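Peer 1: generate a structure from the sequence data that follows.
(chains A, B, C, D and E)
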Amino acid sequence: MDLATITGILLGVFLIFFSILQSGQLTSFINIGSIMIVFGGTIGATLINFPLSDVLSVIGVIKKGFLNKPPVPTENIKMLVEFAEVARREGILALEDRIKGIEDPFLKEGIQLAVDGTEPDLMRTILDTEIKSLQSRHELGANIMKTMGTYAPAYGMIGTVVGLILMLGTMSDPSTIGPSMAVALITTFYGAVLANLIFLPLAGKLETISSQEVMVKELVLEGVLSIQSGDNPRIVEQKLVSFIPPKKRAALEEKEA
Amino acid sequence: MDLATITGILLGVFLIFFSILQSGQLTSFINIGSIMIVFGGTIGATLINFPLSDVLSVIGVIKKGFLNKPPVPTENIKMLVEFAEVARREGILALEDRIKGIEDPFLKEGIQLAVDGTEPDLMRTILDTEIKSLQSRHELGANIMKTMGTYAPAYGMIGTVVGLILMLGTMSDPSTIGPSMAVALITTFYGAVLANLIFLPLAGKLETISSQEVMVKELVLEGVLSIQSGDNPRIVEQKLVSFIPPKKRAALEEKEA
Amino acid sequence: MDLATITGILLGVFLIFFSILQSGQLTSFINIGSIMIVFGGTIGATLINFPLSDVLSVIGVIKKGFLNKPPVPTENIKMLVEFAEVARREGILALEDRIKGIEDPFLKEGIQLAVDGTEPDLMRTILDTEIKSLQSRHELGANIMKTMGTYAPAYGMIGTVVGLILMLGTMSDPSTIGPSMAVALITTFYGAVLANLIFLPLAGKLETISSQEVMVKELVLEGVLSIQSGDNPRIVEQKLVSFIPPKKRAALEEKEA
Amino acid sequence: MDLATITGILLGVFLIFFSILQSGQLTSFINIGSIMIVFGGTIGATLINFPLSDVLSVIGVIKKGFLNKPPVPTENIKMLVEFAEVARREGILALEDRIKGIEDPFLKEGIQLAVDGTEPDLMRTILDTEIKSLQSRHELGANIMKTMGTYAPAYGMIGTVVGLILMLGTMSDPSTIGPSMAVALITTFYGAVLANLIFLPLAGKLETISSQEVMVKELVLEGVLSIQSGDNPRIVEQKLVSFIPPKKRAALEEKEA
Amino acid sequence: MDLATITGILLGVFLIFFSILQSGQLTSFINIGSIMIVFGGTIGATLINFPLSDVLSVIGVIKKGFLNKPPVPTENIKMLVEFAEVARREGILALEDRIKGIEDPFLKEGIQLAVDGTEPDLMRTILDTEIKSLQSRHELGANIMKTMGTYAPAYGMIGTVVGLILMLGTMSDPSTIGPSMAVALITTFYGAVLANLIFLPLAGKLETISSQEVMVKELVLEGVLSIQSGDNPRIVEQKLVSFIPPKKRAALEEKEA
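Peer 2: Below you'll find the model as predicted:
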C-alpha cells in the first residue's frame, strides 16, 4: 500500500477544505453546472482521445497508484544468484524443478527459456520485447492521467468563460455581478484542483512505479542471460548489484550474512 | 466503429449545451463574426502551415478517428504461425498459393518478398521503410489536428482582443459595456471548445491508432523474417506473442485450443 | 506555386479585416507607435538571435514558402531505375554520358561519384553529410520564423504594458481610459496576428517542404548506392518504391505502362 | 560549501523583503491560510507524485545543493596516470596495495575489478550500469524539486481563485474589496517566490552537480579501462585530459611540474 | 564583430525608448524598487541555479555574442587539403614542421596526434571527447542566458503582485489607484524587456555560434583522420566540401583558381 498517495490526497483536500470552511462559505463552492462542465468535459475529451478499453483500464491504473508495493530488487538478486549457483553445480537443466516455485511471471518465462535451450540472442529479443510492451502499457496509464490533467483546467477555463458571457450579457443589477463572477470562477477552481491534486500527481506516481518495475525486469533479464552463459555466480551478483544504489547493497550483504 | 469518439463528443457538446440552456441564453452564444474569425483564422493558418493536399486529406483522417476498428494482433499471429508450419513442412515456396488469400497488403508484400527469395537484409530494409513512411503519413494527420488545436485558441484570443478594442474605443454608454464584453468573449469560448473538444482529442486518438497499426506491422515484419529464416513455428510464436499484453495471450491460447 | 499559402493568408487577412470593417472602426486599429514596438522589437530581437546573413536569407526562405513546387519522387524513381538498367546492361561507366542531362545537382553528384568508382562507404559519407547540412540549413529558416513567432506576441505584450503604464500614470479624465486601453491592446493584436497568421504557419510550411526534400534526397542516395552495388533494376525499384505512399505507387505503374 | 546557492537565496530574500519593508506593510504579506494552501498543497501533490522514501530523501538532496564541493577531475587524472605507471612497471596486480588508500568508492571498485582480472567488457558493463543508476538517482532529486516548482505556483493560483470566490460571493461593502483581493493575491506571491527562488533554481543546481559527477565517473571509467588494457601512461593521460577544458589543463601541468 | 547583435539591441532599445518618450513620461518608467526586484531576483535565482564560476564566466560569454567572428570553414578545408598533399608526397612526418604555424589549437592537436602515430581509433576518441566537452561548455553559456530569460519575467510578475498587494491593502484614496498600478506594472515591463531583448536573443546567438564552431571542429576531425589514413587529397577535399553549403563551395573554387 502506497501511504504517500493517500496522505498526499488527504493533506491537499483537508487544507483546501479547511481554508474554505474557515470562511463559513463552503456551499458557495458547490455548483452542479460547474461539476458538469469540468467533469463531463474532461471525461468527454478523454474518451475522444483514447480508445474506450484504455480509458476503462484507468480504474485499475488508479488503484495501482494507491495500492502499489514497490518491488524489492534485492530479493530478485538473491534468487538469481542462487539459481546461478545451482546452474553452475548441476547444469542449467537442474533449474527446471525450480520453475514452478517462481512467482514473478517474467522471471519464470526467462528461466523457462534458458532451460529450453533457447539461443541467447532470441532470448534477449523475446524478453526485451516483453519489457518494451510492458513499458508502453504503463506509459499509457500515465499518459491518460496526464492528458486528463491538461483537459481539466481547460474545461475549468471554458466554464468560467461561459459564466462570464452569461453574466455580462445580462448585467442589469450591479449587485449580482460579484456572486455571478464567483460562480463563474468555481469551474476554474474545480479544473485546477482536479489537475494538480489528482491527475498530474497520479500520472507522476504511475511513471515512477513503471520505471521501478522496468528496472527490476532489466535486472532479471541480465541475470537470466548471465546464468545461461554459465557465468560464475560471483560475476552474476556483481552485474546485478550495480543496478541498485550502494545503500541498499549493504542490506543485501546483511541478509546474506 | 469507435464508439468512444462519438460518445465523447456527444457528452462534451451535450453538457456545455445543457449548462448554457439552463440559463435560457443560448442565442447570446451564437455570433457570426466570432465564427468567421475563429474558424476562418484557424483554417487560414492551417492552409499556410501545410500543403493543400495534406489539409484535404484531413477529412479522411477525421473519418478514421470515428470509424477505426482496432487491429487484432492475435489473428495476425495465428496466421503467421500457420504459415511458419506450412513453410517448415513444405518449403517456403508452398506459401505462394496462400498469397492471394491474404487481405492485409503489408503481410501480402512480406510473404511475396519471402517467396521471391529476397535476401533477409533487403527484406528488412524494404518493409522497414514501408513502416516508417506509413508512420510519417499517420503522424501528419495527428500533427494537422494538433496544429489546429493550437491556432483555434490563438484566434479565439485575437477575436476577443479585437472585440475589446472596438468596445473600449467607443465607450460612450456604460450600459453597453457588459454585452460588448460578452460578445468579445465568445471567440475565446469558440476557440477553447474547438481545441479541447475536437482538435486535440482527435489528434490524440489518431496517435493511438497509428501506434497500434505500427505495432501490428512490426509484429508482421518480425514474423515474416522469422518464417523466411526457417525458424521453428514454436519460436515464431514465442517471438510474436511477446508483442501483445499477457491478458490477450490467454485469448490466443483459447482460440488455439 | 503553393496556392495553399496564399489562400491561407488572404483568408485570414480578409476575415479579420472584414470583422473589423463591419464595425466601421478600421482606423482605430492602425497605430504607428504600436507598429514600431511590435515590428521593431521583433526584428531587433531576431537580429540579436541570429547572424545577420541568416536573417537576410529569410527573404528567400519566405519566397520558398509561397513559390515552392513539391518534389515528384516518382520521376526520380523512374530515372534511377532507368539508370540501373543502363548500368546493368552496359556497365556503370556507361552512365557518364547521362550525367550532363541530369538537372538535380544532388543526383548528378551521386552518379558522378559512382562513375568515378568512389568506394560505397565514402559515397554514403559524402552524400549523407550533404543531406545533413541541407537539412540544417532548412531547419535554420524554419527556426528563424518560429523564433519571430515567439518574439512577436512578447513585444505585443510589452507594448500593451507600456500603454497601460502610460494610461494609469495619468488617469485624470475617466472618459479617456477606454480609448487609451484600446490603443494599448492594439500591440497585443499586432503581435498575435503576426505570429499566428505569418510566422508560425510559415515555419510549419518550411518544415514540411524540408522534410519532403530530405525524403527525396534519401531516396536518391539509396538508389545511387543500389545502382553502384550492381543491384538488379527490379530490386532498385522495390527499395525506392517503399519510400512513397501506396496511392502514389499506382501512379508510378500507370506511367510505366 | 557552495557559496553561490546561499548568496543567491539571501540576495533574493533580502531584495524582496527590502522592497516590501520600504512600504511599511510587511504584516500584510503574512497569512496563515495562504501558507497552508501553498505549502500544504505543494507537499500533498508531491507526496502523491513520488514514493515516500524519495520525498524524504529530498532533505539530503537540498543539503547537497548547499554543501556540495565540486569534484576536481585533475586529481583523478593525476591518480589514474600514476596508477597507469605502476601497472606498466610492476604489472596490474601491483595496484592491489593501493586500493585501500583510494577514497572515491567508484575508482576503488574499478581498480578492484581490474586487479581481479575481470574481462574488459564485463567491467565496462558493471561500471556503466553503476554510472547510469547514479545518474537516475540524481535526476530523481532534481525532478522532485522541478515538480514542486510546478505545483507551487499552481496552488498559489488555486488559493487566489478561492480568495476571489469568497470575496465576490459576499461583496456587500465595497471598501473591503481591496484588502480581500490583496489577501487573495498573497498565495500567488508565495507560489511564485517558492518556485522561482527555491525549487526551480535548486533543481538547476542539482542537475549541474549531477552532470559534473557523472563526467568525473566517466573519466575514471575510461582511465581504469585504459590502465587494464595496458595503455602507455602518456596515452592514458591524453585520453583523460580531453575530458577537461583547456584552461584547467594548464593547472594540471603546473601541478605536474 | 557581430554587427547584428549590436544593431538588434540598439534597434529594440531605441524603439521602446522612442515610443515612451513620445508620451513625455520617461520618468514614470524608472523605479528603483522594481529594478531591485527584477535584476536582484534574476541574479539571485541564477546564482542558486548554477555554480559561481559558471555564472562569472557569463561575462565572457556575453562578450562573445557581441565580438564573435564567424569561423571560415573554407580556409580550414584549404589548409587540410594542402596538408593532405604534403603527407601524400613526403609522408605524414613531413607535417611536423607545419605544426608550429597552425593557429587553431584543435587542428594543431589533431595534426600532432597524427604525426605522433596515434592509432586512428584513439585519435577519434580523443578529438571527439574534445568536441563534446567544448560543446557542453558552450551549451552552458546559452543555458545560463536562457535560464535568466525565464527568471526575469517571473520576477517581473512577482514584483507586480507585490505592488498590487501593497496597493490593494491601502486603497483609501481612489485617485492613487492608477499611479500605484502603473508602478506595479513596471516590474512586468522590466522582466519582459530583459528576457526578450537581452537574455533569450543572446542565448539564441550563442547557440548559433556554438553549432558553427562544432561544425568546423567536426570538419577538421574528419580531415585529420582522412589525412592520417593516407587518403588522396582529392578525396579529402570531397569529404570536407560536403560540410559546407553549395554557395560557399563556389567561393572555395574561386580561391583555388
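Peer 1: low-scoring stretches of the stretch 51-200 of chain A, by residue?
Peer 2: Across the stretch 51-200 of chain A, the ranges flagged by pLDDT under 70 are A:171-174.
Peer 1: that one against chain E: which residues are in contact?
Peer 2: Residues of the stretch 51-200 of chain A lying close to chain E (C-beta under 8 Å from any C-beta of the partner chain): none. All C-beta spots, glycine's among them, are computed from the backbone N, C-alpha and C.
Peer 1: list the contacts for the residue in the stretch 51-200 of chain A positioned nearest to chain E?
Peer 2: Closest approach between the stretch 51-200 of chain A and chain E, counting by C-beta to the nearest C-beta: A:Gly178, at 15.9 Å. Residues in contact with A:Gly178 (C-beta atoms under 8 Å, 6 or more residues apart in numbering or on different chains) are D:167-171.
Peer 1: which helix or strand contains it?
Peer 2: Following DSSP states H and E, one finds A:Gly178 within helix A:177-193.
Peer 1: so what's A:Gly44 closest to, chain neighbours aside?
Peer 2: Leaving aside its chain neighbours, A:Gly44 sits nearest to B:Gly12 (3.3 Å; criterion: C-beta to C-beta, 6 or more residues apart in numbering or on different chains).
Peer 1: then A:Pro246?
Peer 2: Using C-beta to C-beta, 6+ apart, the nearest residue to A:Pro246 is D:Pro105, at 7.1 Å.
Peer 1: thinking that neighbour is in contact with A:Arg249, fair?
Peer 2: No - under the criterion of C-beta atoms under 8 Å, D:Pro105 lies out of contact with A:Arg249, with a separation of 10.7 Å.
Peer 1: more crowded one of the two?
Peer 2: A:Arg249 (14 against 10; other C-beta atoms under 10 Å in any protein chain shown).
Peer 1: and the more buried one, what pLDDT?
Peer 2: Listed pLDDT for A:Arg249 reads 77.
Peer 1: could you do A:Met1 as well?
Peer 2: 54.
Peer 1: over to the one 10 residues further on?
Peer 2: What the model reports for A:Leu11 is a pLDDT of 89.
Peer 1: what does the stretch 1-150 of chain A have sitting close to chain D?
Peer 2: A:2-5, A:7-12, A:14-16, A:18-20, A:22-23, A:25, A:28-29, A:65, A:70.
Peer 1: let's see that with 6 Å instead.
Peer 2: A:4-5, A:7-8, A:11-12, A:15, A:19, A:23, A:25, A:28 (C-beta under 6 Å from any C-beta of the partner chain).
Peer 1: show me which of those are buried.
Peer 2: Among the residues of the stretch 1-150 of chain A next to chain D, the ones that count as buried by 16 or more other C-beta atoms under 10 Å in any protein chain shown are A:4-5, A:8, A:11-12, A:15, A:19, A:23, A:28.
Peer 1: quick check: residues of the stretch 151-257 of chain A near chain B?
Peer 2: So the stretch 151-257 of chain A meets chain B at A:154, A:158, A:161, A:164-166, A:168-169, A:171 (C-beta under 6 Å from any C-beta).
Peer 1: among the residues you listed, who's most crowded?
Peer 2: A:Ile158 (27 neighbours).
Peer 1: before we move on, the earlier item: tell me which of the contacts of A:Gly178 fall in helices.
Peer 2: D:167-169 (DSSP state H).
Peer 1: just curious, which of those is nearest to B:Thr118?
Peer 2: Within those, the smallest distance to B:Thr118 is 72.5 Å, found for D:Leu168 (C-beta to C-beta).
Peer 1: thinking again about what came up before, out of the contacts of A:Gly178, which comes closest to B:Leu202?
Peer 2: Among the contacts of A:Gly178, and counting by C-beta to C-beta, the member closest to B:Leu202 is D:Leu168, at 36.3 Å.
Peer 1: for that closest one, what are its contacts?
Peer 2: Neighbour list for D:Leu168: A:178, A:181-182 [criterion: C-beta atoms under 6 Å, 6 or more residues apart in numbering or on different chains].
Peer 1: how near is it to D:Ile177?
Peer 2: 9 Å (C-beta to C-beta, to the nearest Å).
Peer 1: with A:Lys108 instead?
Peer 2: 68 Å.
Peer 1: hang on, the earlier thing: dump the ones in helices among the contacts of A:Gly178 into TSV; add distance to B:Leu206 as well.
Peer 2: Converted to TSV, those look like this (distance: C-beta to C-beta, whole Å):
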residue	distance to B:Leu206
D:Met167	44
D:Leu168	41
D:Gly169	43
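Peer 1: name the element A:Ile126 belongs to?
Peer 2: Going by DSSP H and E, A:Ile126 is part of helix A:120-169.
Peer 1: next, the angle helix A:177-193 makes with that helix.
Peer 2: Helix A:120-169 and helix A:177-193 are oriented at 180 degrees to each other (axes from the mean of the first three to the mean of the last three C-alpha atoms, to 10 degrees).
Peer 1: that older thread, from the residues of the stretch 1-150 of chain A next to chain D, which is closest to D:Asn49?
Peer 2: A:Gly8 (7.7 Å).
Peer 1: I figured that closest one hits D:Phe50, correct?
Peer 2: No - taking C-beta atoms under 6 Å as the definition, A:Gly8 is not a contact partner of D:Phe50, at 9.3 Å.
Peer 1: from chain C, how far off is the residue of the stretch 51-200 of chain A closest to chain E?
Peer 2: Here A:Gly178 is placed at a distance of 22 Å from chain C (C-beta to the nearest C-beta, to the nearest Å).
Peer 1: now A:Asp97
Peer 2: 50 Å.
Peer 1: any residues touching the helix or strand that contains that residue, and which ones?
Peer 2: Here A:Asp97 sits within helix A:96-99, counting by DSSP H and E. Applying C-beta under 6 Å, 6+ apart, the external contacts of helix A:96-99 come out as A:111-112, A:115.
Peer 1: could you dump those residues to TSV with secondary structure and neighbour count?
Peer 2: As requested, those are exported to TSV (DSSP: H, G, I helix; E, B strand; the rest coil; neighbours: other C-beta atoms under 10 Å in any protein chain shown):
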residue	secondary structure	neighbour count
A:Ile111	helix	26
A:Gln112	helix	15
A:Val115	helix	18
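Peer 1: from those, pick the one nearest B:Lys146.
Peer 2: Distances from B:Lys146 to these, taken by C-beta to C-beta, are shortest for A:Gln112, at 43.7 Å.
Peer 1: right, and A:Ala203 touches A:Ala142 too?
Peer 2: Yes - shown here, A:Ala203 and A:Ala142 form a contact pair, counting by C-beta under 6 Å, at 4.7 Å.
Peer 1: of the two, which one has the most company?
Peer 2: For the pair A:Ala203 and A:Ala142, the greater number of neighbours falls to A:Ala203 (23 against 20), based on other C-beta under 10 Å.
Peer 1: now the more buried one. Nearest residue, chain neighbours left out?
Peer 2: A:Met145 (3.7 Å).
Peer 1: any idea how far A:His138 is from that neighbour?
Peer 2: 12 Å.
Peer 1: compare those two (neighbour count), which wins?
Peer 2: Higher neighbour count among A:Met145 and A:His138: A:Met145, with 25 against 19, using other C-beta under 10 Å.
Peer 1: surely the more buried one meets A:Ile198?
Peer 2: No - the criterion here is C-beta under 6 Å, and A:Met145 misses it with A:Ile198 at 8.2 Å.
Peer 1: before we move on, back to that, rebuild the residues of the stretch 1-150 of chain A next to chain D as a markdown table, extending it with distance to B:Val38.
Peer 2: A markdown table is the format used below for these (distance: C-beta to C-beta, whole Å):
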| residue | distance to B:Val38 |
| --- | --- |
| A:Ala4 | 44 |
| A:Thr5 | 40 |
| A:Thr7 | 44 |
| A:Gly8 | 39 |
| A:Leu11 | 41 |
| A:Gly12 | 36 |
| A:Leu15 | 39 |
| A:Ser19 | 38 |
| A:Ser23 | 39 |
| A:Gln25 | 37 |
| A:Ser28 | 33 |
